[in-house]
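*Asks:* pasting the sequence and the predicted model now:
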Amino acid sequence: MNSTCVAAPDSLQMLWEIASSARHIHLVLLQDALGKTETQGSCLYASAHLASMVNRFSTWHAKVRAGTWRSADGREHGHYWVQAQLHEAQFMLDITADQFGLPEVLVLPLPAALAWQADDSICVDEHLAEAQIEVLRDKAPSVART
């Protein structure tokens, strides 16, 4: 038995519920901010939000990952997703995979997620920091000068 796939069913159910909720929230934000609900190009923001929710509302440890998603026809796409770990169990969570024609919410044991190839985590951390600065800048209240 592969130890990286072992996790309590209720714990996996919690991951699924958090991912589904994060997907719903992400779509609402896309609609409110951009007037659309297509997830293409929003995987970094969705993954950051999902990782935050997993870390806040579960016993799993989640981290945003980035790399390449390889489609069945061999094409490669840059993409962000979440890797969650609890003890020896590791799962890949993706709430924007629908942009590639996949289900809207994916929760897969890491060994089964072969189409997702992670890159250097230092670059991911830098992209996350840049995105956080961008969000804070865009949400900062403007101050009228007199």
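*Replies:* Everything's here; your move.
*Asks:* center of the chain, which residue is that?
*Replies:* Geometric centre of the chain, nearest residue: Ser47, 2.4 Å, by C-alpha atoms, centre = their mean.
*Asks:* return the alpha-carbon coordinates of the strand or helix carrying that one using CSV.
*Replies:* In the assignment (DSSP states H and E), Ser47 maps to helix 43-57. Only the C-alpha atoms of helix 43-57 are listed here, as CSV (Å, rounded to 0.1, in the frame of the first residue of the first chain):
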residue,chain,number,x,y,z
CYS,A,43,-5.1,30.1,-11.3
LEU,A,44,-2.5,31.9,-9.1
TYR,A,45,-5.2,33.9,-7.2
ALA,A,46,-7.4,30.9,-6.9
SER,A,47,-4.6,28.7,-5.6
ALA,A,48,-3.5,31.3,-3.1
HIS,A,49,-7.0,31.6,-1.8
LEU,A,50,-7.5,27.8,-1.7
ALA,A,51,-4.2,27.3,0.2
SER,A,52,-5.2,29.9,2.7
MET,A,53,-8.6,28.3,3.3
VAL,A,54,-7.1,24.8,3.7
ASN,A,55,-4.5,26.0,6.2
ARG,A,56,-7.1,28.0,8.1
PHE,A,57,-10.0,25.5,8.2
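*Asks:* tell me which residues in it are buried?
*Replies:* For helix 43-57, a neighbour-count test (16 or more other C-beta atoms under 10 Å) marks 43-51, 53-55 as buried. Yep, even glycine has a C-beta here, placed from its N, CA and C like the rest.
*Asks:* same question for stretch 20-27.
*Replies:* By 16+ other C-beta under 10 Å, the buried positions in stretch 20-27 come out as 22-23, 26-27.
*Asks:* same deal with stretch 80-89?
*Replies:* Neighbour-count burial for stretch 80-89, with 16+ other C-beta under 10 Å as criterion, is recorded at 80-84, 86, 89.
*Asks:* and it, average pLDDT?
*Replies:* For stretch 80-89, mean pLDDT is 91.
*Asks:* tell me how far that stretch is from the chain's mean position?
*Replies:* In terms of C-alpha atoms, centre = their mean, to the nearest Å, the centre of stretch 80-89 is set 11 Å apart from its chain centre.
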